[in-house]
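Chemist: just need the structure, nothing else, for what follows:
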Amino acid sequence: MSTETRMGIIISFFESREDLSRYIEQQLSEAKNTLLSHSRRLSEAQKRFDLEGGGQDSKKKREKQNDTKQSDIGGFKVLINPTANYELNLLDEATKSVQEKIEVLEKVRNQFLPNLKNGKISAIFDDGIPTAFMHYPDN
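Modeler: All right, here's what the predicted structure looks like:
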């Protein structure tokens with residue numbers, strides 16, 4: 001497999017259907033591990049959110065929000081002392097994103113690969129998610 005990057009889109013080249021299949025399985029395994037990690041962190045963030053008073057407007061919660069600061073380091077936004085609610089929302093979005101990636105990879109594995117004849121394949125990935133394929137079947 002080789003890879004080229006153009007304008008945020010990654011094109012990967014596979015010598016055979018089996019090579020693509022191995023790659024998809026590897027990506028699925030990594031995504032499932034990431035999902036497990038995100039789920040644990042989401043659970044921890046939910047506990048912190050509940051301890052801070054959840055959706056209730058408490059004095060402690062308002063004080064915590066006042067402690068939250070944002071700075072810019074090397075062009076990156078850094079949130080210092082983020083609220084549990086902010087962290088909870090980010091983790092929820094990240095978890096949903098990984099779940100969507102898993103769904104697409106499983107669809108490729110279960111619906112696309114079985115119907116593909118052997119040959120060279122180019123896969124176009126956007127943010128790690130396959131969006132299109134070019135197939136060059138063996139004659």
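
Chemist: what pLDDT, on average, does stretch 48-62 get?
Modeler: For stretch 48-62, the mean pLDDT works out to 65.

Chemist: identify the residue nearest residue 119 in space, chain neighbours excluded?
Modeler: residue 137 (3.9 Å; Cβ to Cβ, 6 or more residues apart in numbering). (Each C-beta comes from the backbone N, C-alpha and C, glycine too.)

Chemist: the one you found: neighbour count?
Modeler: By other Cβ atoms under 10 Å, the residues close to residue 137 number 11.

Chemist: check contacts around it.
Modeler: Counting by Cβ atoms under 8 Å, 6 or more residues apart in numbering, residue 137 touches 117-119.

Chemist: all strands for this structure, in order.
Modeler: Remark: strands assigned in the chain by DSSP state E are 2-6, 9-14, 69-73, 76-80, 119-126, 129-137.

Chemist: remind me what the longest helix seen in the chain packs against, helices and strands.
Modeler: Longest helix of the chain, by residue count under DSSP state H: helix 17-51. In this structure, helix 17-51 packs against strand 9-14, helix 84-107, strand 119-126, with contacts taken as 3 or more Cβ pairs under 8 Å, 6 or more residues apart in numbering; DSSP states H and E.

Chemist: the last one to helix 17-51, inter-axis angle?
Modeler: For strand 119-126 against helix 17-51, the angle by axes from the mean of the first three to the mean of the last three Cα atoms, to 10 degrees is 20 degrees.
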